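S.K.: everything below, folded, please.
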Amino acid sequence: MTLFKPTRRALLQLAAFAPAFALPAPLRAALGAPAGKQPAFHRFTLGAAKITIVSDGHFTMPTSELGVNADPDAVARFLAAHFLPAQQSYRHTNHMLIELGDAKVLVDVGSGSRFVPSVGKLMANLEAAGVDPDEITHVAITHAHPDHIWGLRDDFDEAIFPEASYYIGGTEMDYWLQDDLVNQVAPDQQQIVLGAVNSIRADGVDWTRTANETEVAPGISMIDTPGHTPGHMSVRIESQGQSLIALGDSFTNSFMDFAHPDWVIRRDADPETTVKTRKRMLDMLAADKIAILGYHFPFPGVGHVQRTGDTFRFIPAVWNWQSED
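M.R.: Numbering: from 1, shown residues only. Down below sits the predicted model:
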């Protein structure tokens, strides 16, 4: 079975974080590396649903892959204005565990041990949150990119949640499993294809193919949000009149995607559809006041969408520490 083995150069490109700001030194906030143990999970409620956001770690990507259809100078100015690194974009990986009724639904399964060293922490962080993996009843996959599905198998190529029911978009599955896809993509995409195929075809996983509005469990459904991948889907929770959508990678930057929804990243497979999906979602999220989880947003990645005239912005939810009493 073919596994992803990144080169030293690829590891350095993905894992190096260079906090260089495109602002004069006296105007920057000189924030150093974090000290001590960092939070691994965050809990809150949505109606009757209990939600836990669990981190799989972090990685970086070159900022040259952001706003690839925009003026590079405009992208650089945007990053500087928002106090964001000029060279490397820092990306969190926020997974959602939904407990509603008898269901415990995990959204995406992280990278496992097959991506970069700074990720693959989902199982340890679930344990830190007091979650028994054997209690996971459903796994919903937004799309088959490495940081969302490669963690489906353990080091022995066995499903990490063998008792769970697995859900993925039918269009997404058909794309990755089409004949000879690995030889139809660019060389730097071939390991991504092989990793997706190996994960989807893993022993012990019985998939349910989903379409728009397919119910995973009562109150939890998958909705079409294509563009980033051909069959990308998001996960919607509804309970007692409250709604939240786990966006997957339909949005990947908590600043840029809201202020400039027409800017896309290099990994967006279909830029035109990505933009259409994003604008449609922004209109709905802002109008209906639906909460969101951004997979790559700053941890824990939960908040709302605010419309201001013709533009939008992400408003993070206030993190509350609640008594255990």
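S.K.: residues contacting residue 93?
M.R.: 55, 56, 57, 58, 59, 110, 111, 119, 147, 295, 296 (CB atoms under 8 Å, 6 or more residues apart in numbering). C-betas here are computed from N, CA, C, even on glycine.
S.K.: for this protein, what's the longest helix?
M.R.: helix 271-288 (DSSP state H).
S.K.: now do it, average pLDDT.
M.R.: On average, the pLDDT along helix 271-288 is 98.
S.K.: which element follows it toward the C-terminus?
M.R.: Following helix 271-288 in sequence order, the next helix or strand is strand 291-293 (DSSP states H and E).
S.K.: who touches that following strand?
M.R.: 46, 53, 94, 96, 242-247, 251, 285, 300-305, 314, 317.
S.K.: which residue ranges form the helices in the stretch 1-150 of the chain?
M.R.: 8-15, 72-81, 122-128, 146-149 (DSSP state H, counting those that start in this stretch).
S.K.: looking at those, which is closest to residue 174?
M.R.: Comparing the helices of the stretch 1-150 of the chain by their distance to residue 174 (CB to CB), the top pick is helix 146-149, with 15.2 Å.
S.K.: so which elements touch that closest one?
M.R.: Judged by 3 or more CB pairs under 8 Å, 6 or more residues apart in numbering; DSSP states H and E, helix 146-149 is in contact with helix 190-200.
S.K.: so how far is the helix it packs on off the chain centroid?
M.R.: Average the C-alpha atoms of helix 190-200, do the same for its chain, and the two points are 18 Å apart (CA atoms, centre = their mean, to the nearest Å).
S.K.: only C-alpha atoms, please: export it in PDB.
M.R.: Extracted in PDB, the C-alpha atoms of helix 190-200 (Å, rounded to 0.1, in the frame of the first residue of the first chain):
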ATOM      1  CA  GLN A 190       0.100  12.200  -7.000                       C
ATOM      2  CA  GLN A 191       0.800  11.400  -3.300                       C
ATOM      3  CA  ILE A 192      -2.400  13.300  -2.400                       C
ATOM      4  CA  VAL A 193      -4.400  11.100  -4.800                       C
ATOM      5  CA  LEU A 194      -2.800   7.900  -3.500                       C
ATOM      6  CA  GLY A 195      -3.400   8.900   0.100                       C
ATOM      7  CA  ALA A 196      -7.100   9.600  -0.600                       C
ATOM      8  CA  VAL A 197      -7.600   6.400  -2.400                       C
ATOM      9  CA  ASN A 198      -5.800   4.300   0.300                       C
ATOM     10  CA  SER A 199      -8.000   6.000   3.000                       C
ATOM     11  CA  ILE A 200     -11.300   5.600   1.100                       C
END
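S.K.: who does it touch, helix- and strand-wise?
M.R.: helix 146-149, helix 170-176.
S.K.: switch to 10 Å and redo it
M.R.: Using 3 or more CB pairs under 10 Å, 6 or more residues apart in numbering; DSSP states H and E as the contact test, the elements touching helix 190-200 are helix 146-149, strand 165-169, helix 170-176.
S.K.: most tightly packed of those?
M.R.: helix 146-149 (a mean of 25; mean count of other CB atoms under 10 Å).
S.K.: so for that helix, mean pLDDT?
M.R.: Mean predicted confidence for helix 146-149 is 96.
S.K.: hmm, back to that, how about the helices and strands packed on helix 190-200 in a markdown table, adding distance to residue 191?
M.R.: Shown next, in a markdown table, are the helices and strands packed on helix 190-200 (distance: least, CB to CB, whole Å):
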| stretch | distance to residue 191 |
| --- | --- |
| helix 146-149 | 8 |
| strand 165-169 | 20 |
| helix 170-176 | 13 |
